[in-house]
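> mind looking at a prediction? Sequence and model below.
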Amino acid sequence: MKVLVTGATGFIGSHVADMLLDKGYDVVCTVRKSSNLRWLKDRNFKIEQLPTEDDKHAENIFSKLDAVYHIAGATFARDYDEFYKSNALATKELIDQVIKYSPNLKRFVYMSSFTVSGPALSLDKPVDEYSIPKPLTAYAKSKQAGEEIVLSYKDKIPVTIIKAPAVFGPRDTAIYSIFKTANMGLGTLIGLNKKYLNLIYGLDLARGTILAGESENAIGQSYFLADNQIYNWDELIKIIRDALGKKFFFNIRIPDIIVMIIGSTTEWFGQFLAKAPIFNRDKAIDFTQQFWICSAKKAKIELGFECEYTIPEAIQETVDWYKQHKWL
């Protein structure tokens with residue numbers, strides 16, 4: 001079977017591509033000229049460059065596909081328009097190409113985000129697939145637009161949406177900064193109150209995404225994939241500290257208002273830079289929410305999905321990988 005993976009040069013996309021290849025699929029990975037191919041080297045992927053206006057080249061990429069795993073997307077940009085172009089408009093263009101050249105597609109899987117639903121109101125009321133979406137940021141709103149576009153095609157192709165919470169693991173460069181800071185003996189905690197969240201290990205997310213892509217039960221459905229255990233950041237920093245083997249450790253607690261000021265200031269200065277800053281006001285809004293908690297019961301019931309790694313096991317695996325690859 002021939003499958004297409006977008007975002008295969010990134011954290012989650014590369015793991016999805018690896019697992020599909022190991023399962024015996026013929027895997028096509030779309031990349032840009034500027035993409036770093038470090039995770040795709042020495043593996044039997046078919047690598048194709050995008051975008052292209054060459055019809056013959058497009059047909060070569062998109063014809064006879066059995067499934068598409070659309071993992072690519074922008075996680076930081078200057079404004080909603082930039083996010084919308086990458087997370088919604090590009091999704092529509094991809095689906096149109098797929099329908100044109102692979103009318104018998106068996107599945108289109110779209111990697112969305114927990115942030116589309118917005119945070120929970122309390123610790124005992126996690127959001128789920130039936131919660132009314134309440135996106136707080138430009139990124140979240142663009143991913144919601146992407147979801148709506150995908151669902152608008154469900155009468156033409158079988159679609160599935162994955163809502164991912166905070167993700168970490170080998171190859172990650174985002175939450176990696178927390179591990180890097182912890183390795184210096186410092187733990188950064190946001191706010192004077194405790195912040196609660198669900199997480200998922202990158203390998204578990206990739207495996208669950210493929211499981212959803214292969215399951216007939218998942219056609220036309222959305223799923224949260226997450227570890228069922230709820231943690232607060234105080235607990236997570238301790239687990240990271242123990243995994244690193246740090247005996248001397250100091251926690252720094254930054255009030256929410258300071259985080260918001262830093263985000264707004266960085267965003268203002270970012271307008272004068274060539275690239276949009278990674279941390280801005282929207283990121284500060286996400287960081288200061290108290291309950292990023294969700295229920296993954298639907299995925300367990302309909303797909304049989306459960307995480308293979310506990311969070312402490314996954315954090316230890318991640319630390320070991322960072323050390324092995326000289327990231328720490």
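Done, it's in.

> make it CA atoms for all contacts and neighbour counts henceforth
Noted.

> how near is Asn251 to Ser264?
For Asn251, the distance to Ser264 (Cα to Cα, to the nearest Å) stands at 24 Å.

> quick one, which of these two is more surrounded?
Ser264 (19 against 14; other Cα atoms under 10 Å).

> any idea how many residues pack against the nearest residue to the more buried one once chain neighbours are set aside?
The shortest distance from Ser264 to any non-neighbouring residue, by Cα to Cα, 6 or more residues apart in numbering, is to Arg281 (4.7 Å). Neighbourhood size, Arg281 [other Cα under 10 Å]: 19.

> same deal with Met111?
With other Cα under 10 Å as criterion, Met111 counts 23.

> so where's the chain uncertain?
51-54 (pLDDT under 70).

> tell me where it has helices.
11-22, 55-62, 80-84, 90-101, 138-152, 176-183, 202-214, 233-244, 256-270, 281-287, 297-303, 311-324 (DSSP state H).

> ok now the last one, how far from the chain's centre?
Average the C-alpha atoms of helix 311-324, do the same for its chain, and the two points are 19 Å apart (Cα atoms, centre = their mean, to the nearest Å).

> quick revisit: let me have the helices of the chain in a markdown table, extended by distance to Pro170.
Output for those, formatted as a markdown table (distance: least, Cα to Cα, whole Å):
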| stretch | distance to Pro170 |
| --- | --- |
| helix 11-22 | 8 |
| helix 55-62 | 29 |
| helix 80-84 | 26 |
| helix 90-101 | 26 |
| helix 138-152 | 24 |
| helix 176-183 | 9 |
| helix 202-214 | 7 |
| helix 233-244 | 14 |
| helix 256-270 | 27 |
| helix 281-287 | 22 |
| helix 297-303 | 24 |
| helix 311-324 | 5 |
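
> mind checking which of these is nearest Tyr110?
With Cα to Cα as the measure, helix 138-152 is the member of these nearest Tyr110 (7.5 Å).

> give me the most central residue, this structure.
Geometric centre of the chain, nearest residue: Ala164, 5.5 Å, by Cα atoms, centre = their mean.

> and the residue nearest to Lys194 when sequence neighbours are not counted, what does it touch?
Spatial nearest neighbour of Lys194, chain neighbours left out: Asn232 (6.3 Å); criterion: Cα to Cα, 6+ apart. By Cα atoms under 8 Å, 6 or more residues apart in numbering, the contact list for Asn232 reads Lys194, Lys195, Tyr196, Leu197.

> picking up where we left off before, out of the helices of the chain, flag the one nearest Phe224.
helix 297-303 (6.8 Å).

> can you list the buried residues in the closest one?
Across helix 297-303, burial judged by 16 or more other Cα atoms under 10 Å covers Lys297, Lys298, Ala299, Leu303.

> closest one of those residues to Lys106?
Looking across the buried residues of helix 297-303 and measuring by Cα to Cα, the closest to Lys106 is Leu303, at 17.0 Å.

> distance check, that closest one against Lys297.
Taking Cα to Cα, one finds Leu303 at 10 Å from Lys297.

> tell me which of the contacts of Asn232 fall in strands.
Tyr196, Leu197 (DSSP state E).

> and Ala72, how many neighbours?
Neighbour number of Ala72 under other Cα under 10 Å is 24.

> oh sorry, the question was meant for Tyr309
15.

> for Gly270, see how far away Pro135 is.
23 Å.

> ok, now Lys300?
Counting by Cα to Cα, the gap from Lys300 to Gly270 is 42 Å.
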